[in-house]
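Student: based on what follows, work out the 3D shape:
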Amino acid sequence: MATIVAFHAHPDDEVLATGGTLAKLAAEGHRVVIVVASDGWMGALGEPGSTTRLDELRASAALLGAARVEHLGYADSGHGPVLFPDPPDRKRFVRAGVDEAAERLAEVIRAENADVLLSYDACGGYGHRDHIHVHAVGARAAELTGIRVLEATAPREYVRLVTSLLRTLRLVVREDEETQSWFTPRADITHRVNVRRYARQKQAALAAHRSVVQGSGRLARLMRLLVALPVPVFGLVLGSEWFAEGGGATATGIPCFDRVGGAKQRGRPPRRSAGGRAAVPPVSERG
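Tutor: Below is the predicted model:
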């Protein structure tokens, strides 16, 4: 039996990217540990609702069979062209130095004597600033601990088809240029996991993130649609999960289009400044 640490950016990412795989691993007797970098909250702790996303994560993790949930202590970096100042009680994840955050993750890996780390591809899947940072931090934690890394991703060709359909349904507004660097070319994916058998658990875990599902905007509409699907249909839509070992396709030199920062970034971990701090995507700062 192995111990798997699944490293994610925000609560709900654990379901969308790896939920079926985690349920399958737990059902087979492996120890599953979920670590999130951000608590999914933009404001200060103690404000009404500040623990909601983490509470939902714990409910989701229980449904997936995870044995432990950890938060690295960072705030959500948000999305859009403005990167807001840090809350008074913690940093936004994207402002955390790679070495600092990686050491926090490495502490969990060492304590668990973990065998495998699940992280993200170098574009963070779809270019979200926190997701790109997960890749950089996960890669550094692997250097510190020697753990094997599998990067959660999806076939780039498949994603383009799905995105085109969702654009037609007005559930996404991404432009074609942005999707060119998303995820990983099919040829570079090393693992495909059939998780249809765990569709009911995955769907229930997604529904546990009520604040997101019941929110406003296109993402919430899509989440509500997924939660409302009959289980067999949900299994057809989200019944496969993919991973790339050793970095895979996103090191091909195609730049990651960072929608939230309005910038293109190369498919590799963020460079570091002289002080060891990760250079964040070039976004506007307020305050």
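Student: against which helices or strands is the biggest helix by length in the chain packed?
Tutor: Longest helix of the chain, by residue count under DSSP state H: helix 129-145. Applying 3 or more CB pairs under 8 Å, 6 or more residues apart in numbering; DSSP states H and E, one finds that helix 129-145 makes contact with strand 3-8, strand 31-38, helix 98-112, strand 116-120, strand 148-153, strand 256-258. C-beta: built from backbone N, CA, C; applies to glycine.
Student: so what touches the fourth one?
Tutor: It refers to strand 116-120. Strand 116-120 is contacted by residues 2-7, 9, 17-18, 21, 109, 131-132, 134-135, 138-139, 141-142, 147-153, 243 when judged by CB atoms under 8 Å, 6 or more residues apart in numbering.
Student: picking up where we left off before, need the helices and strands packed on helix 129-145 in a markdown table with mean neighbour count, distance to Thr52 and mean pLDDT, can you?
Tutor: Compiled in a markdown table, the helices and strands packed on helix 129-145 are given as follows (neighbours: other CB atoms under 10 Å; distance: least, CB to CB, whole Å; pLDDT from 0 to 100):
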| stretch | mean neighbour count | distance to Thr52 | mean pLDDT |
| --- | --- | --- | --- |
| strand 3-8 | 25 | 17 | 98 |
| strand 31-38 | 25 | 13 | 98 |
| helix 98-112 | 19 | 23 | 98 |
| strand 116-120 | 26 | 24 | 98 |
| strand 148-153 | 24 | 24 | 98 |
| strand 256-258 | 24 | 27 | 57 |
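Student: how about these, which one is nearest Asp76?
Tutor: Between Asp76 and these, the shortest gap by CB to CB is with strand 31-38, which sits at 4.6 Å.
Student: tilt between the closest one and helix 129-145?
Tutor: Using axes from the mean of the first three to the mean of the last three CA atoms, to 10 degrees, the direction of strand 31-38 lies 130 degrees away from that of helix 129-145.
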